[in-house]
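Visitor: just a sequence and a predicted model for now, questions to come.
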Amino acid sequence: MRIGVAKEIKSQEYRVALTPAGARELVQRGHEVRVEAGAGAGSAFTDDAYERAGAAIGSVDDVWGRSDLLLKVKEPIASEYRRLREGLALFTYLHIAADEPLTRALLDSGITAIAYETVETDRGALPLLAPMSEIAGRLAPQAGADHLEKPKGGRGILLGGVAGVAPARVLVIGGGMVGYNAAVIALGMGAQVTILERSVDRMRHLEEILSGRVSLLMSSTLQIEESLKDADLVIGAVLIPGALAPKLITREMLGTMKEGSVLVDVAIDQGGCAETSRPTTHDEPVYTVDGVIHYCVANMPGAVPITATRALTNVTLPYVEELADHGVLRAIQLDPELASGVNVFAGHVTYEAVAEAHGLDYTPLDDALAAGVI
Ligand SMILES: NC(=O)c1ccc[n+]([C@@H]2O[C@H](COP(=O)([O-])OP(=O)(O)OC[C@H]3O[C@@H](n4cnc5c(N)ncnc54)[C@H](O)[C@@H]3O)[C@@H](O)[C@H]2O)c1
């Protein structure tokens, strides 16, 4: 198969969809890999490194125009819509339920669009989202610690304290992938950590894997009110699958928090878990409301592309290999996980939530395949 790797042109996006190591694996399996010139630069991979791995370096027109399967990290932006075409399969983060123009462009083009974020295992896990949650979780205490410093506008407290001086208190709301990873790093930095969770089973698991080093409390409005008063750093890490994040921290509650405390609302990509949260960027990551510094960067992993690229490609490569070895059509017929990633197929919306979001007709993938629409 002819596999293309496009350079990301979205502002502040430095990741790339395939590492030289991944290129080598695909070339070894007999596939042709073409990487757009400079695509790996933001993640510290030179064109040379790809060439040594057996890939060819090409122009943007080459990579989009001469591939059967195109690998990307982020969704195509408007200037790339004209490159979408029948006969091409695109494998990338898409998030099209929130992007009607792109949904229409994909439908009109006849392309097969497979979204990383909807690839789902039979146990309901989202394996291509998990590494980004791990990274965002691990970044959260680091970002929080930074903004707790006095010159940054924070309270001026050191997360780990020192001998004879109490450490900072970190409150993590939601003990899933983000919350667990945030807790691990906050503990490592020496903070006193509390996790609020809603699932008792998840709390039992956290108790076991964190060896009792954190306080685990049932999440409720009353408990959140109580815990916020004591916290120096609050990390918002809740998720209700398929829904906007619940607004667990009200404007009123902010008033009870310490002056100069920090809220890192990781759940901002689902709307955030505080009433006062709004998305920010790496250029201007924070703003202050009622004395509480809000850090609400919607693409936190973008700050660490060297780590994020490797973590992402570790999990995408097995699926890329399947798509390449079997051919796209056969691979999505064989693997239900890949099938769940198909959002658009030959002019049909094949992912129900996307169709619902835009009031479009939904065609189950099997029907679209059976109709022989390709
Ligand atoms: N900003 C970023 O760059 C970035 C990156 C990755 C993930 N995220 C977001 O972080 C959020 C968390 O992701 P995740 O992978 O950890 O999800 P997850 O499903 O692994 O964990 C979410 C946890 O929240 C818990 N929860 C739900 N409602 C709760 C409540 N009322 N109180 C306490 N806990 C509650 C759930 O029981 C679950 O354990 C998501 O919104 C995700 O999109 C953001």
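Guide: Great, that's in hand.

Visitor: so what's the residue positioned nearest the centre of the chain closest to, chain neighbours aside?
Guide: Residue closest to the mean C-alpha point of the chain, counted by CA atoms, centre = their mean, is residue 132 at 4.2 Å. Computed as CB to CB, 6 or more residues apart in numbering, the closest residue to residue 132 that is not its neighbour in sequence is residue 301, at 4.9 Å. In this view, the C-beta of every residue, glycine as well, is placed from N, C-alpha and C.

Visitor: dump the residue contacts of the one you found.
Guide: 15, 132, 135, 136, 139, 307, 308, 311 (CB atoms under 8 Å, 6 or more residues apart in numbering).

Visitor: ok, residue 310 next?
Guide: By CB under 8 Å, 6+ apart, the contact set of residue 310 is 19, 43.

Visitor: repeat that for 7 Å
Guide: residue 19 (CB atoms under 7 Å, 6 or more residues apart in numbering).

Visitor: which residues of the stretch 151-300 of the chain lie near the ligand?
Guide: Taking CB under 6 Å from any ligand atom as the contact definition, the stretch 151-300 of the chain meets the ligand at 173-179, 196-199, 202, 219, 237-240, 245-246, 248, 266-270, 298-300.

Visitor: quick one: buried ones out of the residues you listed?
Guide: Buried subset of those (neighbour count, 16 or more other CB atoms under 10 Å): 173-179, 196-197, 202, 219, 237-239, 245-246, 248, 266-270, 298-300.

Visitor: tell me the bridge partners for residue 193.
Guide: Beta-bridge partners of residue 193, counted by DSSP bridges, are residue 170.

Visitor: ok, it to the ligand distance?
Guide: Distance, residue 193 to the ligand, by CB to the nearest ligand atom, to the nearest Å: 15 Å.

Visitor: phi and psi next, for the residue in the chain positioned nearest to the ligand.
Guide: Nearest residue of the chain to the ligand: residue 176, at 1.7 Å (CB to the nearest ligand atom). Main-chain dihedrals, residue 176, degrees, to the nearest 10: phi -90, psi -150.

Visitor: how many residues are close by residue 315?
Guide: 16 (other CB atoms under 10 Å).

Visitor: quick check: which element contains it?
Guide: helix 305-326 (DSSP states H and E).

Visitor: name the next helix or strand following that helix along the chain.
Guide: helix 328-334.

Visitor: show me what contacts residue 223?
Guide: Listed by CB under 7 Å, 6+ apart, the contact set of residue 223 reads 196, 217.

Visitor: next one: the one 5 residues further on
Guide: Listed by CB under 7 Å, 6+ apart, the contact set of residue 228 reads 171, 234, 249, 253, 256, 257.

Visitor: any idea how many residues pack against the nearest residue to residue 160 once chain neighbours are set aside?
Guide: By the measure of CB to CB, 6+ apart, the closest residue to residue 160 outside its immediate chain neighbours is residue 190, 2.6 Å from it. Number of residues near residue 190 (other CB under 10 Å) recorded here: 14.

Visitor: please apply the same query to residue 186.
Guide: Residues near residue 186, counting by other CB under 10 Å: 32.

Visitor: residue 194 is in contact with that one, correct?
Guide: No: counting by CB atoms under 7 Å, residue 186 stays clear of residue 194, with 9.9 Å between them.

Visitor: pretty sure residue 287 sits against residue 294.
Guide: Yes: in this structure residue 287 lies within contact range of residue 294 using CB under 7 Å: 5.5 Å.

Visitor: pick out whichever of those two has more residues nearby.
Guide: Using other CB under 10 Å as the criterion, residue 287 and residue 294 rank with residue 294 on top: 25 against 14.

Visitor: give me the local confidence score for the more buried one.
Guide: pLDDT, residue 294: 98.

Visitor: so is it in a helix, a strand, or just coil?
Guide: Secondary structure state of residue 294, per DSSP: H, G, I helix; E, B strand; the rest coil, is strand.

Visitor: ok, the residue nearest to residue 323 when sequence neighbours are not counted - contacts?
Guide: Excluding its sequence neighbours, the residue lying closest to residue 323 (CB to CB, 6+ apart) is residue 331, at 4.7 Å. Going by CB under 7 Å, 6+ apart, residue 331 touches 322, 323, 338.

Visitor: narrow those to those that are buried.
Guide: By 16+ other CB under 10 Å, the contacts of residue 331 give 322, 323, 338 as buried.

Visitor: what separation do you get for the first one and residue 196?
Guide: It stands for residue 322. Distance of residue 322 to residue 196, computed by CB to CB, to the nearest Å: 39 Å.

Visitor: sketch out the low-pLDDT regions of the stretch 151-300 of the chain for me.
Guide: 242 (pLDDT under 70).

Visitor: 80 instead, please
Guide: 241-244 (pLDDT under 80).

Visitor: and the strands in it?
Guide: 169-173, 192-197, 215-218, 233-236, 262-265, 286-289, 292-295 (DSSP state E, counting those that start in this stretch).
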